[in-house]
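Engineer: Next one to model:
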Amino acid sequence: MSGVNGAELLRFVEMIAREKGIEKSEVLGSIEQAMMVALRKRVENPDTLVVSVDPNSGEIIAHETDLDGVTAEVKLADMGRIAAQTFKQIFVQKNREAERDNIFEKYIQLKREIRSGTIQRSEGPNYIVNLGDAESFYPRKEQVPTESYNVGERVRGLILDVRKQGQKVKIILSRTHPEFVKKLFELEVPEVAERIIEIKAIVREPGFRSKVAVASYDPKVDAVGACVGVRGSRIKGIIDELNNEKIDIIRWNESAEILITNALKPARVDSITLDYDNRRARVVVPDDQLSLSIGKRGQNVRLAARLCKWDLDIVTVTQEGDWRKRTLAKFLAIEGVDELLAESLFNSGFDSFQDILAAGPEALMKVPGISIESAAKIIQHVTANPEPPEQIEDVVHADGAQRRADNTFVEPGQELEEEDDDSTPGQPGDKPKGPVDPFSRAAEYAALAPVREDVKAKQ
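Structural biologist: Okay, here's the model as predicted:
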């Protein structure tokens, strides 16, 4: 092709490939496609037009075939100003598409991995972070409420999502997602990275507190001790990265009762009653452990409920004892029921007259000490004197159970499938209202993102 220096063209191609991070062959392909578009209106038979670039010499060859089957070379020197402008536009567009595809392919493989970058600029409450070869979007909802940034500061975050958006790739950065904490553990704790220790579940209130449930597949390795490290050396690095966010590391257990007990630590638990049908647990704690089990602004019980995927009702020993006395008094009012039989009824799971009616005589006769005659008298009494179940006053309640669309419960360690992008990561999904347990009366909680006093003092 006259008018074009092949050596200069190849140097230009190499420069574009190096700056944009794309292959040399892709740049040559962009030249061929752009030239095809530019020359289509300059030739008689555009459907037969063929353009190629010699990768060794840089020579551009264009030729067309007429109706008689004769192939002739197209003179590129006479292509004109409009065709040249069209070539430029198409070439730039094709290179941008190639650059976008390369960035997308790179970062889609880094999804849910940690990367660091520099705050480049702010767009309202959102930030644009420079990752080196791409820009990422750091939206307000993925920022920790207790953190703030200035232009030029470095920030470390989880690549939450990667998607094509027009001629660009939109990379979403997050520091609030529970996966961010999990990846930090993989960086700081070798046993987690080597899968000797597995992180079964993580729940967070970003900036304030997290609960991490861990299990060890090696009996010689203590899961909690390995994550904490000698004198807290390992967990300290994670806490520093999270700007002093509190982290509770608990031992995982497949038993719901043991898992709830571990999740409510450092509070001591006296007893737990599980309602599997409604995924609800009544947790009885000593009177002096109530505030510790609830935690500051309800954080401890709220996170424990979300971690275990159970609704938790926290009551004290005194509250539970008063409720038990009132229930036993109702049973003692039945003819032929003494204290021993009332205790036997209560300990068999009958909490009210409604329970007895729902169970029927066959279940009642399985209770130690109840004969056919006494069962008949009990059924007759509860039928003639229907009474509502006794309530435990001022129960502290925390939602944790999650239902799927098919009305089955999400098990501990699993997550409810996100239905849309507006859902907040790590938050429990909405669930339909189930039957209300007789012992429950929920207490109101503070907002999910309270302002921490130590942060306010610094400001």
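
Engineer: drop to CA atoms for contacts and neighbour counts, all remaining ones
Structural biologist: Will do.

Engineer: where along the stretch 251-400 of the chain do the helices fall?
Structural biologist: Counting by DSSP state H, counting those that start in this stretch, the stretch 251-400 of the chain has helices at residues 256-263, 290-294, 299-308, 317-332, 339-347, 353-364, 372-384.

Engineer: Could you list every helix and strand that the fifth one packs against?
Structural biologist: The contact analysis (3 or more C-alpha pairs under 8 Å, 6 or more residues apart in numbering; DSSP states H and E) places helix 339-347 against helix 317-332.

Engineer: Which elements pack onto the helix it packs on?
Structural biologist: Short answer (3+ C-alpha pairs under 8 Å, 6+ apart): helix 317-332 packs on strand 280-285, helix 339-347.

Engineer: Sort out which residues of the longest one are buried, please.
Structural biologist: Taking 16 or more other C-alpha atoms under 10 Å as the basis for neighbour counts, the residues of helix 339-347 that come out buried are 341-346.

Engineer: what separates stretch 291-309 from the chain centre, distance-wise?
Structural biologist: 18 Å (C-alpha atoms, centre = their mean, to the nearest Å).

Engineer: okay, and for the stretch 351-459 of the chain, where does confidence drop off?
Structural biologist: 418-459 (pLDDT under 70).

Engineer: any idea what residue 58 is structurally, helix, strand or coil?
Structural biologist: Under DSSP: H, G, I helix; E, B strand; the rest coil, the three-state class of residue 58 is coil.

Engineer: I figured it hits residue 7, correct?
Structural biologist: Yes: assessed by C-alpha atoms under 8 Å, residue 58 is found in contact with residue 7 at 6.1 Å.

Engineer: what about the two, which has more around it?
Structural biologist: More crowded of residue 58 and residue 7, by other C-alpha atoms under 10 Å: residue 58, with 20 against 13.

Engineer: How confident is the prediction for the more buried one, by pLDDT?
Structural biologist: Residue 58 carries a pLDDT value of 73.

Engineer: any idea how far it lies from residue 409?
Structural biologist: 65 Å (C-alpha to C-alpha, to the nearest Å).

Engineer: Please list all residues in contact with residue 108.
Structural biologist: For residue 108, the contact set (C-alpha atoms under 8 Å, 6 or more residues apart in numbering) comprises 161-162.

Engineer: so which helix or strand takes in residue 214?
Structural biologist: strand 209-216 (DSSP states H and E).

Engineer: Go through the helix or strand following that strand and flag the buried ones.
Structural biologist: Using DSSP H and E, the helix or strand that follows strand 209-216 in sequence is helix 223-228. Under the neighbour-count criterion of 16+ other C-alpha under 10 Å, helix 223-228 has 223-224, 226-228 buried.

Engineer: so how many other residues sit close to residue 363?
Structural biologist: Residue 363 is flanked by 12 other residues according to other C-alpha under 10 Å.

Engineer: which ones are touching residue 97?
Structural biologist: residue 167.

Engineer: tell me which element residue 63 is part of?
Structural biologist: Assigned by DSSP H and E, residue 63 falls in strand 60-65.

Engineer: Burial-wise, tell me which of the helices of the stretch 251-400 of the chain comes out on top.
Structural biologist: Of all the helices of the stretch 251-400 of the chain, helix 299-308 has the most neighbours on average by mean count of other C-alpha atoms under 10 Å, namely a mean of 27.

Engineer: Could I get the CA-only coordinates of that helix as CSV?
Structural biologist: Provided in CSV are the C-alpha atoms of helix 299-308 (Å, rounded to 0.1, in the frame of the first residue of the first chain):
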residue,chain,number,x,y,z
GLN,A,299,-25.3,-6.9,68.6
ASN,A,300,-24.4,-10.2,70.2
VAL,A,301,-27.8,-11.9,70.1
ARG,A,302,-28.6,-10.4,66.7
LEU,A,303,-25.4,-11.7,65.1
ALA,A,304,-25.7,-15.1,66.9
ALA,A,305,-29.2,-15.5,65.5
ARG,A,306,-28.1,-14.7,61.9
LEU,A,307,-25.1,-17.1,62.3
CYS,A,308,-27.1,-20.0,63.5
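
Engineer: by contact count, what packs against it?
Structural biologist: strand 197-205, strand 209-216, helix 256-263, helix 290-294, strand 311-316, strand 396-398.

Engineer: how about a cut-off of 7 Å?
Structural biologist: strand 197-205, helix 256-263, helix 290-294, strand 396-398 (3 or more C-alpha pairs under 7 Å, 6 or more residues apart in numbering; DSSP states H and E).

Engineer: Minimum distance to residue 23: which of those has it?
Structural biologist: strand 197-205 (40.0 Å; C-alpha to C-alpha).

Engineer: Report how many residues lie close to residue 417.
Structural biologist: By other C-alpha under 10 Å, the residues close to residue 417 number 10.

Engineer: how far away is it from residue 214?
Structural biologist: Distance of residue 417 to residue 214, given as C-alpha to C-alpha: 22 Å.

Engineer: just residue 245 next, same as before
Structural biologist: Distance from residue 245 to residue 214, by C-alpha to C-alpha: 18 Å.

Engineer: Same drill for these two, tell me which one is more crowded.
Structural biologist: residue 214 (21 against 18).

Engineer: quick one, what contacts the more buried one?
Structural biologist: 197-200, 223-224, 250-252 (C-alpha atoms under 7 Å, 6 or more residues apart in numbering).

Engineer: repeat that for 8 Å
Structural biologist: By C-alpha under 8 Å, 6+ apart, residue 214 lies in contact with 197-201, 223-224, 249-252.

Engineer: Just give the closest residue to it, not the sequence neighbours.
Structural biologist: residue 199 (4.5 Å; C-alpha to C-alpha, 6 or more residues apart in numbering).

Engineer: Report whether the expected contact of residue 342 with residue 331 is present.
Structural biologist: Yes: counting by C-alpha under 8 Å, residue 342 does reach residue 331; the two are 5.6 Å apart.

Engineer: Where does residue 116 sit, in terms of helix or strand?
Structural biologist: strand 114-123.

Engineer: Show me what counts as buried in that strand.
Structural biologist: 114, 116-120, 122.

Engineer: for stretch 393-409, same thing?
Structural biologist: Going by 16+ other C-alpha under 10 Å, stretch 393-409 has these buried residues: 393-403, 409.

Engineer: Switch the residues you listed over to CSV; also include distance to residue 186.
Structural biologist: Output for the buried residues of stretch 393-409, formatted as CSV (distance: C-alpha to C-alpha, whole Å):
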residue, distance to residue 186
393, 44
394, 42
395, 39
396, 35
397, 34
398, 30
399, 29
400, 27
401, 28
402, 28
403, 30
409, 29
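
Engineer: Roughly how far does residue 108 sit from residue 187?
Structural biologist: Residue 108 is 20 Å from residue 187, by C-alpha to C-alpha.
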